[in-house]
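> structure for this input, please:
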Amino acid sequence: MRQLIIRHEDLIGTFEQKQRLVEQFNLMDDNFFAVVMEDKAACEYLLCALLGFEIKVIETKAHYDIANLKAHSVELDVLAEDAEGKLYNIEIQVEDRDNHPKRVRYYQAAVDWSLFQKGRKYEELPELYLLFVSAFDMFGDGLIRYDIDRKIRQTGKTADNGVHEIYFNTKVDDGSQLRELMKFFNESSADDMRFGALSEAVNRQKRTAKGVEHMCKAVRDYVTEREQEIRLESKLEGKVESVNNLLQNGFKLEEALRLIGLTEQEYKSYKPS
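The predicted structure is shown next:
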């Protein structure tokens, strides 16, 4: 797996420096993918190519945060909506270090509860497509695409709840047209114009001054945001450790939290990395 080194001086240097850096990005880099998917036409092209039917995208959100004060918050790589109200969550994953089907399950729940207002009927939940593009063969069966369906075990009939869970990967080469698209995810050459609006968006980000500047700014903003999160996490870790020390020395939880300046919710929700 390639290691892309991003130097601060390249992000703020001359146009030539920035362009050389951006040329190295591909669609498997989540920051580059997110920026390209901000283009509705590019997102629309990709969804149509992956799913095989016509889609009219009316809105696309990249690095879309869904905050949950009582549980683990999530950040979706891309969340798009079409003219029929259907939703499409596209995720990019390079490293195989987690239980990704369960991660997708949690993302589905997060999307549902973030959009569903109290008092509405469950039938109003929008149709949702969960699309996962990975650099590895998720299930190891040598397929480039895996469609997950809910089935009634006794009859084999599909029990449709409006959720479509589909996994793609860039590893398997089955000689198909989809394989060519997956290769483009890995290579993302600005000169490869075979993929319509998706190719145009990649070219624009890599070859125009506006695109290069936008991409570098997006990376700078993302890095700054993550650094702030790490500092906050480190500060919270220190407070939790202080509370634990007080508890070990006979303090009650309520008293320890008050002395350290931590809420019970923050204390109980903290999970060491």
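
> residue ranges for the strands of the stretch 101-250 of the chain, please.
128-134, 145-148, 163-169 (DSSP state E, counting those that start in this stretch).

> pairing partners for the second one, with directions?
What that stands for is strand 145-148. strand 163-169 (antiparallel) (DSSP bridges).

> now swap in the first one and tell me
Under the criterion DSSP bridges, strand 128-134 sits next to strand 87-93 (parallel), strand 163-169 (parallel) in its sheet.

> can you lay out those strands as a markdown table showing mean pLDDT?
Below are the strands paired with strand 128-134 laid out as a markdown table (pLDDT from 0 to 100):
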| stretch | mean pLDDT |
| --- | --- |
| strand 87-93 | 95 |
| strand 163-169 | 96 |
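
> just to revisit the earlier point, deepest-packed of the strands of the stretch 101-250 of the chain, please.
Burial of the strands of the stretch 101-250 of the chain is given as mean neighbour count (mean count of other C-beta atoms under 10 Å); strand 128-134 ranks first at a mean of 21. All C-beta spots, glycine's among them, are computed from the backbone N, C-alpha and C.

> now it, how far from the chain's geometric center?
Between the centre of strand 128-134 and the centre of its chain there are 10 Å (C-alpha atoms, centre = their mean, to the nearest Å).

> what sits up against that strand?
With contact meaning C-beta atoms under 8 Å, 6 or more residues apart in numbering, strand 128-134 is reached by 28, 47, 50-51, 86-94, 96, 100, 104, 107-108, 111-112, 138, 162-171, 182, 185.

> ok, now stretch 199-211?
Residues contacting stretch 199-211 (C-beta under 8 Å, 6+ apart): 15, 19, 22-23, 25, 27, 32, 35-36, 39, 41-42, 184, 188-193, 212, 214-215.

> next, the buried residues of it.
The neighbour-count check on stretch 199-211 (16 or more other C-beta atoms under 10 Å) flags Ser199, Glu200, Ala201, Val202, Asn203, Arg204, Gln205, Lys206, Gly211 as buried.

> same check, this time on stretch 96-113
For stretch 96-113, by 16+ other C-beta under 10 Å, it's His100, Val104, Tyr107, Gln108, Ala110, Val111, Asp112.

> so who does Gly162 touch?
Leu125, Pro126, Glu127, Leu128.

> same list (those) but as TSV, adding pLDDT and distance to Leu246.
What follows is these, written out as TSV (pLDDT from 0 to 100; distance: C-beta to C-beta, whole Å):
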residue	pLDDT	distance to Leu246
Leu125	87	45
Pro126	91	47
Glu127	94	50
Leu128	96	45
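
> could you flag which of those residues are buried?
Leu125, Leu128.

> return the member of the contacts of Gly162 nearest to Arg258.
Proximity of the contacts of Gly162 to Arg258 (C-beta to C-beta) peaks at Leu125, which lies at 41.7 Å.

> from Leu76, how far out is the closest one?
Leu125 sits 17 Å away from Leu76, going by C-beta to C-beta, to the nearest Å.

> grab the nearest non-local neighbour of Glu44.
Val57 (4.1 Å; C-beta to C-beta, 6 or more residues apart in numbering).

> now for the one you found: which residues touch it?
Val57 neighbours (C-beta under 8 Å, 6+ apart): Lys40, Ala41, Cys43, Glu44, Leu47, Ala80, Glu81, Asp82, Ala83.

> quick one, phi/psi of it?
As for Val57, its main-chain torsions (degrees, to the nearest 10) stand at phi -80, psi 130.

> likewise for Gly162?
Per degrees, to the nearest 10, the backbone of Gly162 is at phi 90, psi 0.

> which pLDDT value goes with it?
Gly162 is assigned a pLDDT of 94 by the prediction.

> distance of it relative to Asp30?
27 Å.

> can you check Arg97 too?
Taking C-beta to C-beta, one finds Arg97 at 15 Å from Asp30.

> no further questions, thank you.
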